[in-house]
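>>> Below: sequence and its predicted model.
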Amino acid sequence: MSKKESFVKGTLILAAAALVARVLGLAQRVPLEHLFNDIGNASFTAANTVYLMLLPLATAGIPSTLSKMVSERYALNRPQEAQQVYRAALIFAAVVGVLMSAALFIGAPYYADYIKVPESTPAIRAIAPALLLFPTIAMMRGYFQGRNNMMAGGISQIIEQIARVSTAILLAYILLANDYSNTWMAAGASFGSVLGSIGAFGVMLYYTFKLRRTEEKTTRNPAREARIPLLGVYKDIFMLSIPIVLSSVTVPVVNFIDTSWIVPLLSGQIGLDEATRALGIYGSRALSVAGIPPVLSIALSTSLIPIISAAYARKDEQHLQRQVTLALRISILTGTPIVVSLVVASYSVNGLLFSSLDGSGIIAMLTLGTIFQITMMTTNSILLGMGKSRISMYYVFAGIAVKLVTSYLFSKLFGIYGIIGATALCFIVITVLNLRMLKTIVPFQIMGKRWGGYLVALLASGGIGYGLNEAGKLLTHYMPGRIAFLITCLVVGVAVVIIYLVLLIVLGVLTRQEMSGYPRSVQKLLAPLMKLQPERVRGNA
């Protein structure tokens, strides 16, 4: 298998696992949104966002650093050094897991009071024990990714979500049946993350023992390497990981800012009850739907770091240029149709999945901004793989600063839409700064002169999709609403994807020459459409 195929295969494995995880996460939010009232939704949102923000801080960016360091050392034939780094990371994870879990449990009531949702205290405390195991799980995933084994992390993600979703819904339903309040129902649902962590840890242990047995059979009398002092290992890790963690927590921090500020900023304008309701819609609906488009980008970013790191360590500039170009094209071209479909069909998606049609505009606007989240995450990972984590960190600081200032200003003018618009602006600022820096390191062109064709495909597919969604609303007069919304979502999704792909090929944005580097299954899938490409476009490719 070629390096390019290996990269794409690793990305597809992680993307499939992440997609399953996101679908399961959405499958959790939908029934919970129906079970909870506004307080329950807001409490569950607060618990999850503070937890997801603390998780990368608890791991201190070490999983990405570990992936990079392990990949480099195996590329340079220094496996014992890689094992020393891995053991040091596991020790750190065990210690910090205890400290962060205790800190979250103790600090829960103070944070709940600050965001003006005091009822969220039990939910935050219920999710705190998940931090005991997840730092260790993250280190194990980082190690396996550094070994180019994406399957272990992917399977653990799926098992984690199955355990988390099933137990969260079950516990919330049991508490509802026994007449507990929404405060305790949200706590029960949050505790599902703890059981999910146990399932994920079991999977990672299985793959660890499996890898150890394989290496014992294939490795005979390995050459001895000089042992690195433990303090030296930690010095190397933290010099890399501190900038990495500050770069990699951008999305959780932005979501944390929004969750923390929505009620305080909006309560003076629309009242405390309506602001709490807006927070519930943002967390239980908009974040769930907007979390789908970046799935491939998350997988791409994760699989990209060890490959970029290995190429950079070998000074293989030609391979590095190809991987940067491929990564950016894949992230943009594959993320766009998902974003467009969900944005134009946001009304129908809302009606299909949730208990009312309120908040369709919030879902659409937050989802629209994810196209910039995708480019930000991909360019961040490329810079991290090149060892430019400190520069990436400064750019993230700049984006977060823009986010803080504009959230405050825009919220006065546009309410919650202003807060969401500030989030998109944050991602745009970081993306632009990242791309400017990358251009100074490695020459690349994302699409060159083909941007015009891409924009035509985007606007045409979006316009037709919007028209189909408007027509689909009329079906609610002739059949039950959810059936009408389901039909509309399917029609819009299929139409947008097909029209988008056909136009990309006809307009020469996707060429036969580029397709030769993709997995054979993707080539076979798109082969019939490639026949639509005019001869003059093929000749110019």
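It's in.
>>> hang on, isn't residue 64 packed against residue 142?
Yes: if you go by CB atoms under 8 Å, residue 64 and residue 142 touch, sitting 6.5 Å apart. (C-beta placed from N, C-alpha, C; glycine too.)
>>> distance of the residue nearest to residue 387 when sequence neighbours are not counted from residue 423?
Distances taken as CB to CB, 6 or more residues apart in numbering place residue 312 nearest to residue 387, at 6.6 Å, with adjacent residues excluded. Using CB to CB, to the nearest Å, one gets 31 Å for the distance from residue 312 to residue 423.
>>> Got the confidence number for residue 409?
With respect to pLDDT, residue 409 scores 95.
>>> correction: residue 132
For residue 132, the predicted pLDDT is 90.
>>> Could you do residue 428 as well?
96.
>>> my guess is it meets residue 372, correct?
Yes: assessed by CB under 8 Å, residue 428 is found in contact with residue 372 at 5.0 Å.
>>> quick one, which of the two is more surrounded?
Per other CB atoms under 10 Å, whichever of residue 428 and residue 372 has more neighbours is residue 372, with 21 against 18.
>>> Show the contacting residues for that one.
424, 427-428, 431 (CB atoms under 8 Å, 6 or more residues apart in numbering).
>>> swap in residue 197?
The contact partners of residue 197, taken as CB under 8 Å, 6+ apart, are 130, 132-134, 137, 160.
>>> State the three-state secondary structure for it.
helix (DSSP: H, G, I helix; E, B strand; the rest coil).
>>> which residue ranges form the helices in the stretch 251-400 of the chain?
Using DSSP state H, counting those that start in this stretch, the helices of the stretch 251-400 of the chain run over 272-281, 287-290, 295-313, 317-344, 346-353, 360-368, 370-385, 389-414.
>>> ok, of the ones you listed, where does mean pLDDT dip lowest?
Mean pLDDT is lowest for helix 295-313 among the helices of the stretch 251-400 of the chain, at a mean of 64.
>>> out of everything not next to it in sequence, what's closest to residue 342?
Nearest non-adjacent residue to residue 342 (CB to CB, 6+ apart): residue 367, at 4.8 Å.
>>> Wait, the one you found touches residue 293, no?
Yes: assessed by CB under 8 Å, residue 367 is found in contact with residue 293 at 6.7 Å.
>>> list residues touching both of the two?
Taking CB under 8 Å, 6+ apart as the criterion, residue 367 and residue 293 both touch 339, 342.
>>> got the contact list for the residue nearest to residue 342?
Residue 367 sits in contact with 286, 289-290, 293, 339, 342-343, 346, where contact means CB under 8 Å, 6+ apart.
>>> repeat for residue 260
Shown in contact with residue 260 (CB under 8 Å, 6+ apart): 111, 114-115.
>>> so what's residue 134 up against?
55, 58-59, 97, 197, 200.
>>> Now the one helix or strand residue 204 maps to: average pLDDT?
Using DSSP states H and E, residue 204 sits in helix 182-218. For helix 182-218, mean pLDDT is 87.
>>> Now do the buried residues in that helix.
Residues of helix 182-218 classed as buried: 182-201, 203-204, 207 (neighbour count, 16 or more other CB atoms under 10 Å).
>>> go on, stretch 481-492?
Using 16+ other CB under 10 Å as the burial criterion, the residues of stretch 481-492 that qualify are 484-486, 488-489, 491-492.
>>> Name the residues that touch it?
So stretch 481-492 is in contact with 341, 344-345, 348-349, 351-352, 465, 468-469, 472-473, 475-476, 478, going by CB under 8 Å, 6+ apart.
>>> Is there a quick PyMOL command that grabs whichever of these are buried?
Applied in PyMOL, the following selects the buried portion of those according to 16+ other CB under 10 Å:
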select buried, resi 341+344+345+348+349+351+352+465+468+469+472+475+476
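>>> Now the two most distant members of the contacts of stretch 481-492.
341 and 478 (23.6 Å; CB to CB).
>>> Can you tell me the SS state at residue 427?
Secondary structure assignment for residue 427 (three-state DSSP): helix.
>>> what's it in contact with, if anything?
Residue 427 makes contact with 250, 369, 372-373, 375-376, 399 under the criterion CB under 8 Å, 6+ apart.
>>> Closest one of the residues you listed to residue 450?
Ranked by distance to residue 450 (CB to CB), those are led by residue 375 at 16.4 Å.
>>> The closest one and residue 428, how far apart?
9 Å.
>>> Over to residue 356?
Residue 356 is 32 Å from residue 428, by CB to CB.
>>> Neighbour count: residue 312 and residue 423, which is higher?
Using other CB under 10 Å as the criterion, residue 312 and residue 423 rank with residue 423 on top: 26 against 22.
>>> Need the per-residue pLDDT for the more buried one.
With respect to pLDDT, residue 423 has a value of 95.
>>> Which of the helices or strands spans it?
Under the criterion of DSSP H and E, residue 423 resides in helix 416-441.
>>> Next, the angle helix 360-368 makes with that helix.
Helix 416-441 runs at 10 degrees relative to helix 360-368, counting by axes from the mean of the first three to the mean of the last three CA atoms, to 10 degrees.
>>> List the buried residues in the helix or strand following helix 416-441.
Per DSSP H and E, the first helix or strand lying C-terminal to helix 416-441 is helix 451-473. Across helix 451-473, burial judged by 16+ other CB under 10 Å covers 453-454, 457-458, 460-462, 464-466, 468-469, 472.
>>> what's the angle from helix 451-473 to helix 346-353?
Interaxial angle, helix 451-473 versus helix 346-353 (the same axes, to 10 degrees): 50 degrees.
>>> looking just at contacts, which helices and strands does helix 451-473 meet?
helix 317-344, helix 346-353, helix 481-506 (3 or more CB pairs under 8 Å, 6 or more residues apart in numbering; DSSP states H and E).
>>> mind giving me JSON lines with the ones you listed and columns for distance to residue 28?
Shown next, in JSON lines, are these (distance: least, CB to CB, whole Å):
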{"stretch": "helix 317-344", "distance to residue 28": "18"}
{"stretch": "helix 346-353", "distance to residue 28": "12"}
{"stretch": "helix 481-506", "distance to residue 28": "19"}
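>>> what number of residues lie near residue 178?
Residues lying near residue 178 (other CB under 10 Å) number 9.
>>> and if you look at residue 51?
Per other CB under 10 Å, the neighbour tally for residue 51 reads 23.
>>> Pull the CA coordinates from stretch 73-90 and hand them back as CSV.
Extracted as CSV, the C-alpha positions of stretch 73-90 are listed here (Å, rounded to 0.1, in the frame of the first residue of the first chain):
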residue,chain,number,x,y,z
ARG,A,73,11.0,7.5,16.6
TYR,A,74,9.7,4.5,14.8
ALA,A,75,10.5,6.3,11.5
LEU,A,76,14.1,6.7,12.8
ASN,A,77,14.2,3.1,14.1
ARG,A,78,14.2,4.0,17.8
PRO,A,79,11.3,2.0,19.2
GLN,A,80,12.5,1.8,22.8
GLU,A,81,12.5,5.6,23.0
ALA,A,82,9.0,5.5,21.8
GLN,A,83,8.0,3.1,24.6
GLN,A,84,9.6,5.3,27.2
VAL,A,85,7.7,8.3,26.0
TYR,A,86,4.4,6.2,26.1
ARG,A,87,5.0,5.0,29.6
ALA,A,88,5.7,8.6,30.8
ALA,A,89,2.5,9.7,29.2
LEU,A,90,0.4,7.0,30.9
